[in-house]
Every structure is written in C-alpha cells, then in structure tokens.
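Enquirer: next one to model:
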Amino acid sequence: MVCKIYYGVGPTFQGHIAKHGFPRDGDFLFDTFDYGKKIKIDNRVFTVLNPSENIDLLVKAEIIICSIDYEQIQRNLKKLSPSKPLNIKISDTVLINDTSSSFRLVMSSPDTENGGVFRLIWKHNQKSLERLCDGDMRGITFKGRDLFAVKENVGIGFLGPNGFELIKKIENKNIHSMIYVKDIDQFILAETFNDSIVFLDSNNFKEKKRLKWSNTGQDNHHINSLCVHDGYLYFSAFSSKGVWPLGIWNDGCIGRIPLDSNSMKDVELISVGLRQPHSVFIDPSQTAICESQERTFVVGSRIKARLYGYTRGLCKVASGYFVGCSEIRRKNNFVKDDIPFAKGASINFISNDFSTVESFSLPCLSVYEIIKEI
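Expert: All right, here's what the predicted structure looks like:
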C-alpha cells in the first residue's frame with residue numbers, strides 16, 4: 001500500500017483530514033517551515049518532516065498538498081526530484097477555496113498620508129481590510145511566516161504586532177521592490193536611486209553583493225520590481241538604454257540575469273518597448289506585467305486588460321490575477337482617451353479568461369505591491 005505525504009500542516013490540512021479521514025500509520029507530514037513540530041492526530045503523534053531532507057520518501061509516496069501556495073510547492077518539489085516523477089495531488093479543499101475567490105492578501109501603498117501595509121481578506125461576497133502599519137511603504141515579502149517591508153527612504157523593517165519595526169536604515173536610496181529567495185537565504189532589493197540590485201544576508205542584513213546597471217550612479221534605468229524563476233532574477237525597468245529621464249517613455253523592459261551573476265553585463269532583455277512597466281511576474285507558462293503608463297495589465301504578448309488608473313501590483317492565483325490600480329499623477333504623460341482616470345486606488349481581480357472582473361476600493365491613493373499571505 002502506497003503511503004501518503006500530507007504537505008502543509010495548517011488550516012487547509014485540518015480541513016482536508018476532517019473531510020477525508022486522518023493520516024494512518026506509515027503516512028507522513030511535511031512542511032517547509034514547521035518541520036520538527038510534533039502533531040497529535042487521533043491518538044497518533046506525527047513529527048513534521050523537512051522535504052529537502054527526505055527526498056527518498058517523496059519519490060515513493062502519494063503527495064497531497066494542503067496549502068494555498070500549492071503552485072509554488074509543486075515547483076519546489078519538482079526541483080527536489082528533477083529526474084524522477086512525483087505522484088502529486090492537490091487537496092480539493094484548496095481548489096474549492098481557490099476557485100470561489102477566497103484569498104488572504106497583503107498589499108503595500110506608497111501614499112505618504114494614507115499609505116501603509118494592509119491585509120486584505122478577499123471573499124466573493126465579503127471583503128475586509130486591516131491596516132498593519134502606516135507610512136510610505138513599497139516592497140513587501142515573507143521569509144517563512146515573517147513579513148518584512150521597505151519604508152521609502154527609511155529602510156527595511158519587520159512587520160509585527162507593533163507595526164513597522166526598523167531593522168536596517170537605508171536613507172535616500174529609493175528602495176522599491178524587495179523579495180526573499182529561500183534557495184540562497186538572501187533578501188534582494190531594487191535600489192532604484194542608483195540603478196542597483198542589492199543582495200543582503202537574511203539574518204544580519206549585511207550586503208553580500210551589488211549589481212550596478214549604470215555607471216553614473218543615478219536613476220537612469222529605474223529598476224523597480226523583482227522576481228525569481230528557474231535560477232534567474234527577473235526585473236522590470238523604465239528604460240533599457242537609460243533615457244527615461246529625457247522623457248522617452250517607450251523604452252521600458254523586462255530583463256533577467258542568472259541568480260549567481262556578479263555583473264549586470266550578463267543582463268538579457270526578454271521584453272522591450274514597454275511604457276513604465278512594474279510588477280513583473282514569471283512562471284513556467286507565461287510572463288505577466290503591469291504596463292503602468294498604458295493603464296494595462298499584460299499576460300504574454302497579446303492579452304491586455306485596461307483599467308482606469310495606474311496599474312501596479314500583481315499577484316497570481318490559480319483562477320486569475322489580482323492587479324493594483326492607483327490614482328494617476330502627471331496626467332500629461334498619459335494618452336487622452338475615452339476611459340476616465342481613476343480617483344483613488346483599488347484592488348481588482350481578473351479571471352484567467354478575462355470573463356470575471358471584481359474591484360475593491362481602498363482608503364489610499366496608490367498600490368505598490370500585492371502578495372499572498374503565507
């Protein structure tokens with residue numbers, strides 16, 4: 001009889017076993033963050049195991065993923081066993097929640113008066129917003145279940161019960177995006193002020209390396225968002241040639257470099273001719289981007305959705321995308337058309353086939369980033 005591995009030990013796991021029955025002797029519990037924990041279920045005690053230390057079990061067992069982050073877990077599992085196929089199933093409790101538009105999101109706003117970091121509970125018939133901290137906030141990322149954020153021209157901090165707690169002061173560098181990469185255990189920042197991408201040790205926040213794309217030390221390219229896929233670091237920038245300060249707006253790009261690169265000489269441009277791109281997203285099937293000056297959201301090279309405001313902030317879920325929409329400043333930079341300009345900010349859900357669009361108005365004027373809560 002094939003044993004089962006239940007991947008994830010949170011609320012989704014509890015819902016799964018309540019519906020389908022408890023794990024049996026010979027089954028295993030796996031979790032990326034909670035390994036080592038002992039969990040008692042039906043008078044049996046299970047020790048949660050670390051997937052990377054038990055690859056031999058992954059190959060032999062039926063894996064049931066009990067986590068809303070199942071897409072990322074699937075990718076990580078395939079990396080752990082690239083040569084042998086794995087028997088992976090997604091818990092139906094996950095899929096039911098996903099397709100019914102029930103999500104927990106975290107979003108940041110760089111609005112100096114009403115901005116901050118917010119938790120958004122998104123359900124089809126009911127949505128709620130909780131402010132986690134105030135301030136001019138941009139990059140947000142989870143390391144495990146700990147949430148970190150960048151406060152513009154202040155620095156990096158931890159977001160906890162007391163709001164934003166400064167960890168590393170970084171003044172006047174216009175830090176925009178920040179991501180945590182588990183494979184290298186480092187934070188990566190887009191230091192927009194001087195066209196640099198900076199790698200920091202995730203424990204002491206000391207700089208590990210710096211990749212500079214400009215020799216002038218100024219914001220000529222405007223690197224603003226980051227993501228990692230398949231060993232590459234991807235980024236969006238306003239200008240591939242460094243000319244956006246001259247008012248040239250058709251030179252935006254998506255670039256990539258190997259994650260272990262030590263020089264921006266290794267940059268490969270995978271998309272050019274964009275207008276103020278933000279929020280790059282890459283997965284095995286497609287590329288998505290917010291082309292902010294066009295007020296559009298683009299999947300691949302052809303499909304677009306136009307919104308009323310400045311599109312920025314992008315989060316992929318199984319059934320579609322969440323896209324941020326901000327009030328537009330400097331209206332002379334935008335094409336005049338029949339679509340009115342947004343007054344205020346919103347989060348918008350757009351289904352994969354573009355047949356469903358839902359919007360939720362926010363108490364601030366701008367959105368910077370949207371991520372799923374872990």
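
Enquirer: hey, which helix or strand in the protein has the poorest pLDDT?
Expert: The helix or strand of the chain with the poorest confidence is helix 92-99; it has a mean of 60 (mean pLDDT, DSSP states H and E).

Enquirer: partner residues bridging residue 255?
Expert: When bridges are called by DSSP bridges, residue 255 pairs up with residue 235, residue 269.

Enquirer: same deal with residue 200?
Expert: Beta-bridge partners of residue 200, as defined by DSSP bridges: residue 187, residue 207.

Enquirer: do residue 28 as well
Expert: Beta-bridge partners of residue 28, counted by DSSP bridges, are residue 5.

Enquirer: also residue 358?
Expert: Where residue 358 sits in a bridge, its partners, by DSSP bridges, are residue 349.

Enquirer: and for the closest residue in space to residue 229 that isn't next to it in sequence, the neighbour number?
Expert: Spatial nearest neighbour of residue 229, chain neighbours left out: residue 282 (4.2 Å); criterion: CB to CB, 6 or more residues apart in numbering. Where you see a C-beta, it was placed from the backbone N, CA and C, and this is true even at glycine. Neighbours of residue 282 under the rule other CB atoms under 10 Å: 19.

Enquirer: buried ones in whichever strand or helix holds residue 282?
Expert: Residue 282 is part of strand 277-283, with elements assigned from DSSP states H and E. By neighbour count on 16 or more other CB atoms under 10 Å, the buried set for strand 277-283 is 277, 278, 279, 280, 281, 282.

Enquirer: got CSV for the residues you listed, with pLDDT and distance to residue 53 too?
Expert: Shown next, in CSV, are the buried residues of strand 277-283 (pLDDT from 0 to 100; distance: CB to CB, whole Å):
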residue, pLDDT, distance to residue 53
277, 96, 40
278, 97, 38
279, 97, 35
280, 96, 33
281, 94, 30
282, 92, 28
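
Enquirer: if we can go back for a sec, show me what the residue nearest to residue 229 bridges to in the sheet.
Expert: Assigned bridge partners for residue 282, using DSSP bridges, are residue 287.

Enquirer: so where's the protein shaky on pLDDT?
Expert: 1, 95-101, 302-303, 331, 335-340 (pLDDT under 70).

Enquirer: picking that back up, I'd like to know which elements the strand holding residue 282 is packed against.
Expert: Judged by 3 or more CB pairs under 8 Å, 6 or more residues apart in numbering; DSSP states H and E, strand 277-283 is in contact with strand 223-229, strand 232-237, strand 252-258, strand 286-291, strand 310-317.

Enquirer: who wins for proximity to residue 269 among those?
Expert: Closest to residue 269 of the helices and strands packed on strand 277-283 is strand 252-258 (CB to CB; 5.1 Å).

Enquirer: the domain parsing of the chain - what is it?
Expert: Following automatic domain parsing, the chain resolves into domains at 4-98, 100-372.

Enquirer: can you say which of those domains is packed in most?
Expert: Sort the domains of the chain by mean neighbour count, taking mean count of other CB atoms under 10 Å, and domain 100-372 sits at the top with a mean of 18.

Enquirer: would you mind measuring from residue 290 to residue 300?
Expert: Separation of residue 290 from residue 300 (CB to CB, to the nearest Å): 14 Å.

Enquirer: can you get me the start-to-end distance on stretch 104-124?
Expert: Taking CA to CA, to the nearest Å, stretch 104-124 runs 12 Å from one end to the other.

Enquirer: again, but for stretch 347-357
Expert: First-to-last residue span, stretch 347-357, CA to CA: 10 Å.

Enquirer: do the same with stretch 35-46
Expert: End-to-end span of stretch 35-46 (CA to CA): 11 Å.

Enquirer: next one: stretch 25-32
Expert: Taking CA to CA, the first and last residues of stretch 25-32 lie 22 Å apart.

Enquirer: same question, stretch 230-248
Expert: Here the two ends of stretch 230-248 are set 32 Å apart, with distance taken as CA to CA.

Enquirer: next one: stretch 289-304
Expert: Terminal residues of stretch 289-304 are spaced 10 Å apart (CA to CA).

Enquirer: looking at this, residue 59 is in a helix?
Expert: Yes. Assignment of residue 59 by DSSP: H, G, I helix; E, B strand; the rest coil places it within a helix.

Enquirer: helices of the chain, start to end?
Expert: 11-20, 55-60, 70-80, 92-99 (DSSP state H).

Enquirer: between the ones you listed, which gets nearest to residue 333?
Expert: helix 70-80 (35.5 Å).

Enquirer: angle of that closest one against strand 223-229?
Expert: With axes from the mean of the first three to the mean of the last three CA atoms, to 10 degrees as the basis, helix 70-80 and strand 223-229 are set at 60 degrees to each other.

Enquirer: can you give me how far helix 70-80 is from the chain middle?
Expert: Helix 70-80 sits 16 Å away from the centroid of its parent chain (CA atoms, centre = their mean, to the nearest Å).

Enquirer: give me the contacts around the strand holding residue 282.
Expert: Residues outside strand 277-283 that contact it (CB atoms under 8 Å, 6 or more residues apart in numbering): 71, 75, 224-227, 229, 232, 234-238, 252-254, 287-292, 311-314, 316, 324, 369.

Enquirer: same check, this time on stretch 62-76
Expert: For stretch 62-76, contacts defined as CB under 8 Å, 6+ apart pick out 2-10, 12-13, 15-16, 30, 32, 51, 77, 86-91, 93-94, 97-98, 103-104, 283-284, 316, 318, 372, 374.
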